[in-house]
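A.B. asks: all I have is the shape, not the residue letters:
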């Protein structure tokens, strides 16, 4: 049943997809961002979650049935990630008027729950793959855990239900996003095609040869809406992926084929995109000017550091979704189709030639 929703981080990859789905399903949607962008059927709410008083003022007249928390701010170290991102969730939940009736809060985190934070990513003693929700927390400080704890504390105080959603790498559109593999690979492929450089896989042999999975932002949005409207999913944490598995040795060729270029042979050498693209800002401006693109700033489209972290992992990463399946979530999204749909959208929006 449709109700009133607040999407926090509505201008991001996940928030944008969630707001669009909710509007399509007949919900009254409010989209919160520091600098809201125009979105069809979404009422903008401007607020900086680091400002507790300002957040409370912006939310004073809102009484959402469901809240979808899809935002975070990257900091220089994990201690700061914890301080800032926990405070943002706390300010949001403290600033909302107390529930007048049933309310659900969905929080998006990710597989760093199992892999560790950026400073210890994929290191130390990790749980076996496929990752399962019952494997719990690592013995390391992690801003995802701090965000969860803020939700749990507010739920105990205010009486709302919650769900935590742990996607693998998310595929979707957003400009200026800090973690954006899809658009990063689009920009890299475009640079290779326009300049004649080889389309070289930047990551590790473990990622090239091993099985992996990903999460389309639309799949994640469907999963959050399902959890918010399914009583059996209340007060649970879930993994959420597309439902297929693949090897990058196959997917790299699929992406190359879409762009009409050849995939360079992989020799096992890690060649990070951050180094490969370090001097490409000017090249991208030239490409943007030549093709009349809508965004000429490379840093607004690509986040090579994040793609390098995912593709450079020394271990196979596969995610189990049995918990959601047992409770009735059956949506499925082929990952190559998710990439191709993103590429088409970016081309239609004149972000790539």
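C.D. replies: That came in fine, so what should we check first? Just so we're clear, the structure is a prediction, and the values are computed from it rather than from any experiment.

A.B. asks: need the contact list for residue 258.
C.D. replies: 339-340, 343 (C-beta atoms under 8 Å, 6 or more residues apart in numbering). Where you see a C-beta, it was placed from the backbone N, CA and C, and this is true even at glycine.

A.B. asks: show me the contacts for the closest residue to residue 240 other than its chain neighbours.
C.D. replies: In this structure, residue 240 finds its nearest non-sequential neighbour in residue 223, 4.4 Å apart by C-beta to C-beta, 6 or more residues apart in numbering. Going by C-beta under 8 Å, 6+ apart, residue 223 touches 165, 238, 240, 324, 329, 331.

A.B. asks: which members of these are positioned in helices?
C.D. replies: Residues from these lying in helices, with DSSP state H as the criterion: residue 324.

A.B. asks: and residue 116, what pLDDT?
C.D. replies: Residue 116 carries a pLDDT value of 88.

A.B. asks: same check on residue 178?
C.D. replies: At residue 178, pLDDT is 62.

A.B. asks: same deal with residue 272?
C.D. replies: pLDDT, residue 272: 97.

A.B. asks: that one: how many residues sit nearby?
C.D. replies: The number of residues packed near residue 272 is 17, by other C-beta atoms under 10 Å.

A.B. asks: could you do residue 181 as well?
C.D. replies: Neighbour count for residue 181, taken as other C-beta under 10 Å: 24.

A.B. asks: thinking it is in contact with residue 308, fair?
C.D. replies: No - the pair residue 181 and residue 308 fails to qualify as a contact (C-beta atoms under 8 Å) at a distance of 9.9 Å.

A.B. asks: which residue ranges form the helices in the protein?
C.D. replies: 13-24, 52-59, 78-95, 112-115, 143-158, 181-195, 205-209, 217-228, 248-259, 273-276, 281-291, 304-311, 322-326, 335-348.

A.B. asks: rebuild those helices as JSON lines, extending it with distance to residue 175.
C.D. replies: As requested, these are exported to JSON lines (distance: least, C-beta to C-beta, whole Å):
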{"stretch": "helix 13-24", "distance to residue 175": "10"}
{"stretch": "helix 52-59", "distance to residue 175": "23"}
{"stretch": "helix 78-95", "distance to residue 175": "21"}
{"stretch": "helix 112-115", "distance to residue 175": "23"}
{"stretch": "helix 143-158", "distance to residue 175": "24"}
{"stretch": "helix 181-195", "distance to residue 175": "8"}
{"stretch": "helix 205-209", "distance to residue 175": "26"}
{"stretch": "helix 217-228", "distance to residue 175": "14"}
{"stretch": "helix 248-259", "distance to residue 175": "20"}
{"stretch": "helix 273-276", "distance to residue 175": "18"}
{"stretch": "helix 281-291", "distance to residue 175": "13"}
{"stretch": "helix 304-311", "distance to residue 175": "15"}
{"stretch": "helix 322-326", "distance to residue 175": "30"}
{"stretch": "helix 335-348", "distance to residue 175": "10"}
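
A.B. asks: can you tell me the closest non-neighbouring residue to residue 194?
C.D. replies: residue 287 (5.4 Å).

A.B. asks: that neighbour and residue 82, how far apart?
C.D. replies: Relative to residue 82, residue 287 is positioned 39 Å away (C-beta to C-beta, to the nearest Å).

A.B. asks: ok, now residue 73?
C.D. replies: The gap separating residue 73 from residue 82 is 12 Å, by C-beta to C-beta.

A.B. asks: quick one, which of those two is more surrounded?
C.D. replies: residue 82 (19 against 16).

A.B. asks: what residues are up against the more buried one?
C.D. replies: 141-143, 146.

A.B. asks: tell me the buried residues within the residues you listed.
C.D. replies: The neighbour-count test (16 or more other C-beta atoms under 10 Å) marks 142-143, 146 as buried among those.

A.B. asks: and of the residues you listed, the nearest to residue 279?
C.D. replies: The closest of the buried ones among the contacts of residue 82 to residue 279 turns out to be residue 143 (C-beta to C-beta; 31.9 Å).
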